[in-house]
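Asker: would you be able to build a 3D model of this:
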Amino acid sequence: MTTPLVPADITPVFVRLKLSLLRNGLRQSGGRRAAYIASAVVVLLLGALQLLGLIALRGHAHAESLVVLLIAVLALGWAVMPLFFPGGDETLDPTRLVMLPLRPRPLVRALLAASLVGIGPLFTLCLLAGSVIAVAHGGAAYAVGVVALCLALLVCVALARTVAAANIRLLTSRKGRDLAVLSGLVIAIGAQLVNFGAQRLGSSGLAQLDPVADVLRWVPPASAIGAVDSVSEGSYGVAVAQLALSVAALVLLLWVWSRHLTQLMTAPDGSTLQTAEPVARGRAGSGGLARLLPAGRTGTVMERSLRYVWRDPKTKAAWVTSLAIGLIVPVFNALQGTGSIYFACFAAGMLGIQMYNQFGQDTSAFWMVATTISSARDAYDELRARALALLVITLPYATFVTVVTTAMLGDWPRLPEVLGLSFALLGAMLATGAWTSARFPYSIPQEGYKNVAPGQTSIAWISIFGGMVASALLCAPVIAATITLNVIEGGDRWTWVLLPLGAVYGAALTWSGLRLAAPRTAARLPEILSAVSKG
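Answerer: Residues are numbered from 1 along each chain as shown. As a prediction, the model looks like this:
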């Protein structure tokens with residue numbers, strides 16, 4: 001009879017493994033160690049401030065509503081964290097353990113214990129401790145609070161693990177890398193939502209949270225903290241029911257997690273199986289949008305650019321971020337009552353940035369584009385097609401954002417002038433973007449989160465911010481005309497002229513920029529290829 005190779009209790013082994021992974025990761029480089037220490041200090045400071053703030057909230061009439069909502073948002077963060085940061089914890093991928101003779105139940109227990117090691121669980125512990133202190137009154141409430149704190153922390157960690165195990169095939173694929181690149185967008189949108197919510201709470205008070213809290217106090221893991229408040233009020237039966245919901249949620253999560261682990265450990269990897277799809281599918285772009293594009297080089301380049309937007313992770317992330325922020329800024333300012341209709345031009349500015357560093361997204365494959373350019377005319381056709389591909393998205397979207405902002409503010413008479421300003425700004429951004437793409441190209445690394453290759457940061461700053469300043473200066477005539485018509489007496493009757501004026505002026509700027517950039521692009525093909533191939 002052979003001796004088992006795996007100890008009876010593997011939990012300490014996995015905890016030590018997690019500590020070893022953290023320690024070895026810090027030894028890789030001084031920069032990574034400094035970044036980890038800095039992030040740890042920032043997270044701990046935020047956790048301490050949150051803890052003090054929640055303690056100061058103790059005794060407030062609506063403290064329970066705030067902490068219940070806070071724990072619900074915290075649990076949501078734990079749920080989505082593996083989707084956007086799959087590389088943040090090496091132990092999130094259980095498929096690395098498939099060759100070991102491990103059973104699901106002890107593996108779940110060991111991974112759950114290992115998940116409690118790190119900055120995230122410590123930050124969560126601070127928030128949970130502050131929440132318990134904020135709503136607990138009496139010895140019984142504090143005793144239940146200790147149980148609720150542990151239970152809520154385990155539910156959060158188990159939720160993250162279950163989501164990761166259920167989506168591990170996605171997270172290790174190209175689509176998973178797309179999600180990781182889009183994490184910055186989630187943070188930006190979340191920051192805007194938090195800012196908007198904080199302003200609304202500051203003006204209306206915490207009382208408006210009560211209806212939402214009445215529902216969330218029965219949703220795990222917020223129900224565990226709600227049980228502490230129920231005990232403080234003497235509702236022991238309600239507290240038992242709320243704790244039971246959290247316990248049931250934890251048991252369910254562990255069961256689902258165990259099922260997914262069993263499937264991952266026993267099912268064959270799809271990457272090793274032959275695909276059932278036919279190899280030949282014909283021309284991918286033979287239908288749909290490709291049929292609407294012009295023939296010749298223009299249509300081909302436009303289709304290639306649009307495919308970059310849809311399939312390349314970095315390009316997709318840049319576009320989605322610009323589309324989202326271009327809408328969020330004017331809309332959220334309008335919702336807060338502090339916005340101006342001119343904020344709608346922000347969408348045109350954000351989308352126009354996508355014209356900058358056009359050749360950087362090609363990376364070393366730019367050599368194939370360079371072989372097709374033998375004259376300034378070829379370079380002009382290439383740049384024009386790329387600009388047209390951008391206009392397919394940016395022109396209708398900028399119009400949409402402007403109309404939405406105008407509708408929210410109810411300032412319809414100013415719609416033509418704002419549209420004219422947006423079109424002029426978009427044309428100026430396309431013009432300067434074409435010129436800077438030829439003059440200041442830089443490489444975009446395909447791996448990691450950096451959008452600029454090492455040593456080219458200054459080039460990227462000059463390209464983007466220099467082009468934005470130049471675009472603002474190029475729009476000066478339209479801006480001056482807008483100010484003049486709004487200042488002089490009776491000028492508001494002629495503001496509609498700014499719409500065709502801005503559209504024509506923007507088109508002229510785009511044409512001029514492409515004409516100026518084409519000869520420089522044709523003359524600097526080797527330099528451009530060298531610059532964009534460093535990533």
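Asker: where does the chain have its least confident helix or strand?
Answerer: helix 174-181 (a mean of 56; mean pLDDT, DSSP states H and E).
Asker: and this protein, what are its domains?
Answerer: Split into domains by automatic domain parsing, the chain comes to 11-269, 292-532.
Asker: so which of these is the most packed in?
Answerer: Sort the domains of the chain by mean neighbour count, taking mean count of other CB atoms under 10 Å, and domain 292-532 sits at the top with a mean of 19. Just so you know, the C-beta spots here come from the backbone N, C-alpha and C atoms, and that holds for glycine as well.
Asker: rounded mean pLDDT for that one, please.
Answerer: Domain 292-532 shows a mean pLDDT of 87.
Asker: check stretch 12-28 too.
Answerer: 78.
Asker: and that stretch, C-alpha only, in PDB?
Answerer: Only the C-alpha atoms of stretch 12-28 are listed here, as PDB (Å, rounded to 0.1, in the frame of the first residue of the first chain):
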ATOM      1  CA  PRO A  12      -1.000  25.500   6.100                       C
ATOM      2  CA  VAL A  13       0.800  24.500   2.900                       C
ATOM      3  CA  PHE A  14      -1.400  26.800   0.700                       C
ATOM      4  CA  VAL A  15      -1.000  29.600   3.200                       C
ATOM      5  CA  ARG A  16       2.700  29.300   3.100                       C
ATOM      6  CA  LEU A  17       2.500  29.000  -0.700                       C
ATOM      7  CA  LYS A  18       0.600  32.300  -0.900                       C
ATOM      8  CA  LEU A  19       3.200  34.000   1.300                       C
ATOM      9  CA  SER A  20       6.000  32.600  -0.800                       C
ATOM     10  CA  LEU A  21       4.300  33.900  -4.000                       C
ATOM     11  CA  LEU A  22       4.100  37.400  -2.400                       C
ATOM     12  CA  ARG A  23       7.700  37.300  -1.200                       C
ATOM     13  CA  ASN A  24       9.100  36.100  -4.500                       C
ATOM     14  CA  GLY A  25       7.100  38.600  -6.400                       C
ATOM     15  CA  LEU A  26       8.600  41.400  -4.400                       C
ATOM     16  CA  ARG A  27      12.100  40.100  -5.100                       C
ATOM     17  CA  GLN A  28      11.700  40.300  -8.900                       C
END
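Asker: continuing past the lengthiest helix in the chain, what's the next helix or strand?
Answerer: Identified as the longest helix of the chain according to DSSP state H is helix 376-409. Next along the chain after helix 376-409, taking DSSP states H and E as the criterion, comes helix 415-439.
Asker: C-terminal to that next one, what's the next element?
Answerer: Next along from helix 415-439, by DSSP H and E: helix 457-474.
Asker: what does that following helix contact?
Answerer: With CB atoms under 8 Å, 6 or more residues apart in numbering as the test, helix 457-474 has contacts from 349, 352-353, 356-357, 425, 428-429, 431-433, 435-437, 439-442, 451-452, 509, 531.
Asker: stretch 481-498: how far from the chain's middle?
Answerer: Relative to the chain's own centre, stretch 481-498 is displaced by 40 Å; criterion: CA atoms, centre = their mean, to the nearest Å.
Asker: what's that stretch in contact with?
Answerer: Contact with stretch 481-498 is made by 413, 414, 416, 417, 420, 421, 478, 501, as judged by CB under 8 Å, 6+ apart.
Asker: alpha carbons of that stretch, as CSV, please.
Answerer: Extracted in CSV, the C-alpha atoms of stretch 481-498 (Å, rounded to 0.1, in the frame of the first residue of the first chain):
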residue,chain,number,x,y,z
ALA,A,481,-17.6,83.5,-33.9
THR,A,482,-19.6,81.7,-31.2
ILE,A,483,-18.7,84.3,-28.5
THR,A,484,-19.4,87.2,-30.8
LEU,A,485,-22.9,86.0,-31.8
ASN,A,486,-23.7,85.4,-28.2
VAL,A,487,-22.5,88.8,-27.0
ILE,A,488,-23.8,91.2,-29.7
GLU,A,489,-27.4,92.3,-29.7
GLY,A,490,-29.6,90.1,-31.9
GLY,A,491,-26.8,87.7,-32.6
ASP,A,492,-28.6,84.8,-31.1
ARG,A,493,-30.8,84.8,-34.3
TRP,A,494,-27.8,83.8,-36.3
THR,A,495,-26.2,81.2,-34.1
TRP,A,496,-27.6,78.4,-36.4
VAL,A,497,-25.0,79.5,-38.9
LEU,A,498,-22.3,78.0,-36.6
